[in-house]
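[1] Give me the fold of what follows.
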Amino acid sequence: MKVVADENIPFVREGFREFGDVVAVPGRAIDAETVKAADVLLVRSITKVGERLLDGSSVRFVGTATIGEDHIDTQYLADRGIGFASAPGSNANSVAEYVVAALFALAERFDLALDKQELGIVGVGNVGARVLDKASALGMPCVPNDPPRARLERSGTVPSYLGLPARARLGPSPFFRPIEAVFDCDIVTLHVPLTYEGPDATYHLADASFYSKMKPGAILINTSRGPVVDSDALKYAIDANRLGACVLDVWEGEPNVDVALLERATIATPHIAGYSFDGKINGTRMVYEAACAFFGIEATWDPASLLPSPECPKLTVDAQTDPQRAAACAVAAVYDIMRDDASMRTICSVPPPEHAKRFDRLRSEYPRRREFFNTRVRVTFENVPLERTLSGLGFVVEDA
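    Numbers count the residues shown, from 1 in each chain. Got it, this is the predicted structure:
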């Protein structure tokens with residue numbers, strides 16, 4: 001068999017070599033000619049997969065090593081009997097850790113006590129549930145909003161959420177709050193799929209009306225999909241001082257970023273919230289196992305032995321430091337979000353025709369980032385609340 005894969009899928013050659021010839025190419029270079037003789041196609045979110053790409057090809061299985069599926073025409077695949085798998089939840093923890101890093105950066109910039117900031121979470125699936133769990137560990141009052149999931153739980157068709165954090169399994173419906181409650185929050189974070197139709201369509205969910213209803217001076221965070229946010233309306237809301245700040249990891253029209261919005265964003269990054277190395281490996285493993293199941297191949301590959309040692313295996317935290325500051329220092333030692341912000345802003349320093357190339361390069365050359373669970377933290381002396389917070393964020397806390 002021939003496997004064509006996005007070169008940014010880690011260990012794709014090692015994982016799929018038993019399938020046959022593995023050809024790894026840049027995601028945006030995957031075209032009809034590239035996949036014509038392929039049996040397996042493996043992509044990430046930048047490759048649009050549908051009739052235009054696959055018509056006339058020999059592709060029998062498509063896998064996307066991502067949570068989202070809006071770049072895949074799943075109906076087209078189903079109609080032609082082409083197998084399909086995504087990687088739901090693979091990088092959910094990575095995105096949640098990004099949000100935590102952003103919250104600490106915002107707290108430092110605006111002198112915020114996070115346990116006094118109410119967090120509205122729009123979308124409580126794999127990612128939103130983990131954001132809820134970590135924000136709760138920080139003592140933040142949370143307002144979860146997820147109409148589709150609330151309806152499913154009321155109908156009894158969703159018996160459980162295995163694999164999600166404990167606080168995400170607090171349903172049924174009384175757990176979820178109406179969108180009006182989210183508008184009263186100090187910070188609103190979006191974790192929804194991109195959909196264009198139906199009662200819960202999310203295209204331009206955050207539009208002029210949305211911003212006008214938000215608490216004056218509130219902060220918006222978007223790590224879902226760029227078109228979930230109406231960029232022009234967001235720029236107006238920022239200029240009119242309706243919003244106090246915004247954090248954007250995803251952008252309408254990627255890789256062609258709206259530089260005017262980039263300049264207005266408080267924290268800006270190049271669609272890398274889910275780019276932890278651990279999350280990427282999870283995605284590779286999940287589509288590998290799905291491909292094996294589709295073709296009737298025994299899944300024997302385990303990437304665990306290939307994982308490098310974490311860059312920050314151990315930390316010591318001073319228990320006498322302010323708890324929020326102590327936790328912020330631990331997070332920044334593992335993941336410095338402002339470094340990604342600085343890299344993103346280099347887009348402004350290159351000519352407009354180079355903006356898209358710079359955006360893609362920031363993603364393809366993204367430095368290895370490990371998740372918090374790879375780091376063991378020792379607190380200088382017993383401080384149960386701080387230890388509980390660090391553990392809730394995902395660190396492995398050693399005995400004092």
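
[2] Which residue ranges of this structure form strands?
    2-6, 21-25, 40-43, 61-64, 83-85, 119-122, 142-145, 187-190, 218-222, 243-248, 267-268, 314-317, 376-379, 396-398 (DSSP state E).

[3] Compare those strands and give me the one nearest residue 50.
    strand 61-64 (10.0 Å; CB to CB). For every residue, glycine as well, the C-beta is placed using N, CA and C.

[4] OK, contacts around residue 125?
    Neighbouring residues of residue 125 by CB atoms under 8 Å, 6 or more residues apart in numbering: 146, 149, 191, 193.

[5] how many neighbours does the third one have?
    Spelled out, it's residue 191. By other CB atoms under 10 Å, 27 other residues sit near residue 191.

[6] How about the one 4 residues further on?
    When neighbours are defined as other CB under 10 Å, residue 195 has 15 of them.

[7] Hmm, it is touching residue 201, no?
    Yes: here residue 195 reaches residue 201: they are 5.2 Å apart, a contact under CB atoms under 8 Å.

[8] rewinding a little: with mean pLDDT, distance to residue 275 and mean neighbour count as extra columns, can I get the strands of the chain in JSON lines?
    Listed next are the strands of the chain as JSON lines, based on pLDDT from 0 to 100; distance: least, CB to CB, whole Å; neighbours: other CB atoms under 10 Å:
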{"stretch": "strand 2-6", "mean pLDDT": "97", "distance to residue 275": "13", "mean neighbour count": "22"}
{"stretch": "strand 21-25", "mean pLDDT": "96", "distance to residue 275": "17", "mean neighbour count": "16"}
{"stretch": "strand 40-43", "mean pLDDT": "98", "distance to residue 275": "15", "mean neighbour count": "26"}
{"stretch": "strand 61-64", "mean pLDDT": "98", "distance to residue 275": "15", "mean neighbour count": "26"}
{"stretch": "strand 83-85", "mean pLDDT": "97", "distance to residue 275": "20", "mean neighbour count": "19"}
{"stretch": "strand 119-122", "mean pLDDT": "98", "distance to residue 275": "21", "mean neighbour count": "26"}
{"stretch": "strand 142-145", "mean pLDDT": "96", "distance to residue 275": "25", "mean neighbour count": "22"}
{"stretch": "strand 187-190", "mean pLDDT": "98", "distance to residue 275": "18", "mean neighbour count": "27"}
{"stretch": "strand 218-222", "mean pLDDT": "98", "distance to residue 275": "16", "mean neighbour count": "26"}
{"stretch": "strand 243-248", "mean pLDDT": "98", "distance to residue 275": "15", "mean neighbour count": "22"}
{"stretch": "strand 267-268", "mean pLDDT": "98", "distance to residue 275": "15", "mean neighbour count": "22"}
{"stretch": "strand 314-317", "mean pLDDT": "96", "distance to residue 275": "22", "mean neighbour count": "16"}
{"stretch": "strand 376-379", "mean pLDDT": "96", "distance to residue 275": "23", "mean neighbour count": "19"}
{"stretch": "strand 396-398", "mean pLDDT": "95", "distance to residue 275": "22", "mean neighbour count": "15"}
